[in-house]
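*Asks:* I need the structure of the sequence given here:
(chains A and B)
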2 protein chains.
Amino acid sequence: MRGFARSEYEARLKQAQDLMAAHGLSALLLTTEAEIRYFTGFLTRFWESPSRPWYLVLPAAGLPIAVIPSIGAALMGQTWVSDIRTWRAPVPMDDGVSLLTDTLNEVAGAGRIGLPSGPETYLRTPQDDWQRITAGLKGTVVSDGGITARLRAVKSDAEIAKIETACTIAGRAFARVPQIAQQGRALSAVFRDFQGLLLAEGADWVPYLAGGAGPDGYGDVISPASDQPLKGGDVLMLDTGAVFDGYFCDYDRNFAVGPASQVARDAHARLIDAVDAAADIARPGTTAAQVFHAMDKIVTGGAGGSDAGRLGHGLGMQLTEGLSLIASDHTVLAPGMVITLEPGIDTGNGRMMVHEEDIAITETGCRFLSPRADRALVPLT
Amino acid sequence: MRGFARSEYEARLKQAQDLMAAHGLSALLLTTEAEIRYFTGFLTRFWESPSRPWYLVLPAAGLPIAVIPSIGAALMGQTWVSDIRTWRAPVPMDDGVSLLTDTLNEVAGAGRIGLPSGPETYLRTPQDDWQRITAGLKGTVVSDGGITARLRAVKSDAEIAKIETACTIAGRAFARVPQIAQQGRALSAVFRDFQGLLLAEGADWVPYLAGGAGPDGYGDVISPASDQPLKGGDVLMLDTGAVFDGYFCDYDRNFAVGPASQVARDAHARLIDAVDAAADIARPGTTAAQVFHAMDKIVTGGAGGSDAGRLGHGLGMQLTEGLSLIASDHTVLAPGMVITLEPGIDTGNGRMMVHEEDIAITETGCRFLSPRADRALVPLT
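*Replies:* This is a model prediction of the structure:
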């Protein structure tokens, strides 16, 4: 099924309003894609254009108010939102500034207006406009206290089903990599074709693909592909964030181009062991830090991390969202959380290998959403 | 060729520093993908992850300083930037806050620090972090006076060549649409396959695809595809922003599924006439508003616009950037600017048709980067 039942949005709004009451907020102001979509279902790739600001205002009671460019009115009109206020953006002189200011004053009066302000958040409004907006407010802008992030961290069954669909699609594409990747093929051609496989297998779009190839691993896991041809002995890694109905998968696979070195084979087996160790303890009550240490012990011998900065993260409407698997994140896992397990190993000479899987936390443990990889590297010819 | 010569980055930096001097800025602080890439060449899809802040500091004199997560050090090390300061992000307690604050104090002292603050800009830093950063600064944060946007608006020949390559790739994909779109095929399947064609024809990735189908046009130009099958008499529109080496094309094509109505055929011919009228006057010295009026006269009879809000925009490292073709934008066209011409016509019953082409402003006029469409709709079976 595409989208969500209206009851799901009603539940999200009620949870938000309960937390808003606890934080003494008269309104919540949202400006970014995932935040606005979470409460409305407004799904479009038009966010790729930075030209127009978009706003959603949640009142302390009652339904959400969309304050948006008129180009989005028809699509927003198909969501459950009925109070849609528009202006003909872009209007450099007043790009929604007065319409938003009036709406916030109407909704919040002299009260406190919550704005997502913690990790991963940003205000998608030009600074010049923001100064004019806040200057016109009767109320005060304060942090939302992490309300939005907290709600998004725990997924409904319907959300998990979408993430699992994205994972399944990527699994079918990964299974077909031997068709597109062989010795002599340029990495850039493999990247191009792999995105095509993801689409052919059912991805709506492919916002993220990274990877690398080299003997005993790769130097980097965030680079675009070079035109370098695959060579015998290389380890090829492909890491994708493909989207189904607005939800991401985020996992990778490692392939051996011809016979891989002992170093690479051992490293891969150890990465799988690290994922297994994490999955063994990933359940309600375990902390993000504990999951980190279970993997770090295996991949660094307990050094406490590496330059990648973390060994996994939350996943959902964004490629990465919410908790980090690091020593200092003491978030307690809860049923409905979806996280990636992403251990990495330094294989020497500036090279590394990384493996990643996606899991959902259940009532009693965890469940793999990505099809689990074998300890052995997937062979390519 | 991939990337740019070092001399291109040196020229961009010099232009920025000249303008910084004119604005009395001791440093320029950049936080977003396109801004940082413009001055460094740092190209990665990793920006899809919102978890880590990234910073670039341009000093009043001397080379750029990257203040970035350690996960990006290897890739940034391949650019011309040599002063790369990293921390092991994410670190919730201090996610680059002290490293950036120290760097800005070192570079700018008690001076003025420019931050992009005008239309289309945002600060990609959590509000909580930003408060701590500004609290620790000896200097003052002010608007960058539009320096960054102004520089980016005028493209070098090398930049225009990349946009033209993206346009050429999309042109080959559009020419193959009859292979993938026929009566009875779901719009969602057409979207999936068209992204595959763009990749097959050489796009690095496809950040944007929108479109619609219906008799006499479509209700909306920003929606994702529905599973509705194409029907005889429908007009199908596909609008894509495909990327080559970090630069976008952004244009569309309209197709007639079986014979189109007279309304649709007339509207399409009029859209082409509007593009022609705009291209006739698009040259150095013409304003964005004049180009708007040339098209608006043809598509609305001079009503002054519609709910789409504009009839074209700048194009380059982002799907949309810079000027808007609206009545109130008096930006003067200059050689090296790249813009889209994007007239739309209301065809009644809540439906519309839109056509879009990409042009570069030359010394004497303009040059089409997209292969010009015919006045007749492209027929599909």
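*Asks:* Point me to the helix or strand that includes residue A:275.
*Replies:* Under the criterion DSSP states H and E, the helix or strand holding residue A:275 is helix A:262-281.
*Asks:* Surely residue A:11 is in a strand?
*Replies:* No: counting by DSSP: H, G, I helix; E, B strand; the rest coil, residue A:11 falls outside a strand, being helix.
*Asks:* tell me the contacts of it?
*Replies:* residue A:156 (Cβ atoms under 8 Å, 6 or more residues apart in numbering or on different chains). Heads up, the C-betas are built off the backbone N, CA and C, glycines and all.
*Asks:* Give me the pLDDT value at it.
*Replies:* For residue A:11, the pLDDT comes out at 98.
*Asks:* The one 4 residues further on now?
*Replies:* In the predicted model, residue A:15 carries a pLDDT score of 98.
*Asks:* after the helix or strand harbouring it, next one along is what?
*Replies:* Residue A:15 belongs to helix A:6-22 when elements are defined using DSSP H and E. Using DSSP H and E, the helix or strand that follows helix A:6-22 in sequence is strand A:27-30.
*Asks:* same for that next one, what does it pack against?
*Replies:* When contacts are defined as 3 or more Cβ pairs under 8 Å, 6 or more residues apart in numbering or on different chains; DSSP states H and E, strand A:27-30 sits against helix A:6-22, strand A:55-59, helix A:97-108, strand A:112-115, helix A:147-153.
*Asks:* my guess is residue A:303 contacts residue A:296, does it?
*Replies:* Yes: Residue A:303 sits in contact with residue A:296 when judged by Cβ atoms under 8 Å, with a separation of 6.9 Å.
*Asks:* out of these two, which sits in the busier spot?
*Replies:* Between residue A:303 and residue A:296, counted using other Cβ atoms under 10 Å in any protein chain shown, the more crowded position is residue A:296 (24 against 10).
*Asks:* And the pLDDT at the residue nearest to the more buried one when sequence neighbours are not counted?
*Replies:* With sequence-adjacent residues excluded and distances taken as Cβ to Cβ, 6 or more residues apart in numbering or on different chains, residue A:296 is closest to residue A:302, at 6.0 Å. Reading off the confidence values, residue A:302 has pLDDT 94.
*Asks:* and residue A:302, how many residues sit next to it?
*Replies:* Other residues lying near residue A:302 total 9 when counted by other Cβ under 10 Å.
*Asks:* Over to the one 5 residues further on?
*Replies:* Other residues near residue A:307 come to 17 when the count uses other Cβ under 10 Å.
*Asks:* repeat for residue A:280
*Replies:* 13.
*Asks:* check contacts around the closest residue to it other than its chain neighbours.
*Replies:* Counting by Cβ to Cβ, 6+ apart, residue A:294 is the residue found nearest to residue A:280 once chain neighbours are left out, at 7.4 Å. Residues touching residue A:294, when contacts are defined by Cβ under 8 Å, 6+ apart, comprise A:274, A:277, A:278, A:280, A:281.
*Asks:* how far is the helix holding residue A:275 from where the chain is centred?
*Replies:* Average the C-alpha atoms of helix A:262-281, do the same for its chain, and the two points are 24 Å apart (Cα atoms, centre = their mean, to the nearest Å).
*Asks:* How about that helix, which residues are buried there?
*Replies:* By neighbour count, with 16 or more other Cβ atoms under 10 Å in any protein chain shown as the criterion, the buried positions of helix A:262-281 are A:263-265, A:267-268, A:270-272, A:274-279, A:281.
*Asks:* Give me the helices and strands touching it, please.
*Replies:* In terms of contact count using 3+ Cβ pairs under 8 Å, 6+ apart, helix A:262-281 is assigned the packing partners strand A:251-257, helix A:288-299, strand A:338-341, strand A:344-348, strand A:351-354, strand A:357-361.
*Asks:* Mean confidence (pLDDT) on the last one, please.
*Replies:* In this model, strand A:357-361 carries a mean pLDDT of 98.
*Asks:* can you give me the angle the helix holding residue A:275 makes with helix A:288-299?
*Replies:* 150 degrees (axes from the mean of the first three to the mean of the last three Cα atoms, to 10 degrees).
*Asks:* confidence score at residue A:306?
*Replies:* Note for residue A:306: predicted pLDDT of 80.
*Asks:* how many other residues sit next to it?
*Replies:* Neighbouring residues of residue A:306 were enumerated by other Cβ under 10 Å; the total is 19.
*Asks:* Likewise for residue A:367?
*Replies:* Taking other Cβ under 10 Å as the neighbour definition, residue A:367 ends up with a count of 15.
*Asks:* tell me the contacts of it?
*Replies:* A:359, A:360.
*Asks:* And it, its phi and psi?
*Replies:* phi -140, psi 130 (degrees, to the nearest 10).
*Asks:* Show the pLDDT at it.
*Replies:* The score at residue A:367 is 98. That number is its pLDDT.
*Asks:* Bridging across strands, which residues link to it?
*Replies:* Beta-bridge partners for residue A:367, by DSSP bridges, are residue A:360.
*Asks:* circling back to that earlier point, let's have the contacts of residue A:294 in CSV, adding pLDDT and distance to residue B:154.
*Replies:* Supplementary listing: these in CSV, determined by pLDDT from 0 to 100; distance: Cβ to Cβ, whole Å:
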residue, pLDDT, distance to residue B:154
A:274, 98, 50
A:277, 98, 55
A:278, 98, 51
A:280, 98, 58
A:281, 98, 56
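*Asks:* Point out where chain A drops to low pLDDT.
*Replies:* When residues are selected by pLDDT under 70, none of them lie in chain A.
*Asks:* Give me the domain ranges for it.
*Replies:* The record assigns chain A these domain ranges, following automatic domain parsing: A:6-153, A:157-380.
*Asks:* On the three-state scheme, residue A:373 is what?
*Replies:* On the three-state scheme (three-state DSSP), residue A:373 is labelled coil.
*Asks:* Check residue A:239 too.
*Replies:* For residue A:239, the assignment made with three-state DSSP gives strand.
*Asks:* before we move on, what about the one 3 residues further on?
*Replies:* The local conformation at residue A:242, judged by three-state DSSP, is strand.
*Asks:* hang on, it packs against residue A:171?
*Replies:* No: counting by Cβ under 8 Å, no contact exists between residue A:242 and residue A:171, whose distance comes to 10.4 Å.
*Asks:* Pick out whichever of the two has more residues nearby.
*Replies:* residue A:242 (29 against 18).
*Asks:* So the more buried one versus chain B, what's the distance?
*Replies:* Relative to chain B, residue A:242 is positioned 11 Å away (criterion: Cβ to the nearest Cβ, to the nearest Å).
*Asks:* just wondering, since we're on that residue, how far is it from residue A:360?
*Replies:* 17 Å (Cβ to Cβ, to the nearest Å).
*Asks:* Go through the contacts of residue A:294 and name the one nearest residue A:92.
*Replies:* When the contacts of residue A:294 are compared for distance to residue A:92 (Cβ to Cβ), residue A:278 comes out closest, at 50.2 Å.
*Asks:* Please verify my assumption that the closest one contacts residue A:291.
*Replies:* Yes: taking contact to mean Cβ under 8 Å, the distance of 5.0 Å between residue A:278 and residue A:291 places them in contact.
*Asks:* Identify the contacts common to those two.
*Replies:* Common contacts of residue A:278 and residue A:291 (Cβ under 8 Å, 6+ apart): A:311, A:312, A:325, A:341.
*Asks:* The second one: how many residues sit nearby?
*Replies:* It refers to residue A:312. Residue crowding around residue A:312 was assessed by other Cβ under 10 Å; the count is 27.
*Asks:* now do the last one
*Replies:* A count of neighbours around residue A:341, defined by other Cβ under 10 Å, yields 29.
*Asks:* In this structure it contacts residue A:356, no?
*Replies:* Yes: between residue A:341 and residue A:356 a contact is recorded at 6.8 Å, counting by Cβ under 8 Å.
*Asks:* which neighbours do the two share?
*Replies:* Shared contacts of residue A:341 and residue A:356 (Cβ under 8 Å, 6+ apart): residue A:312.
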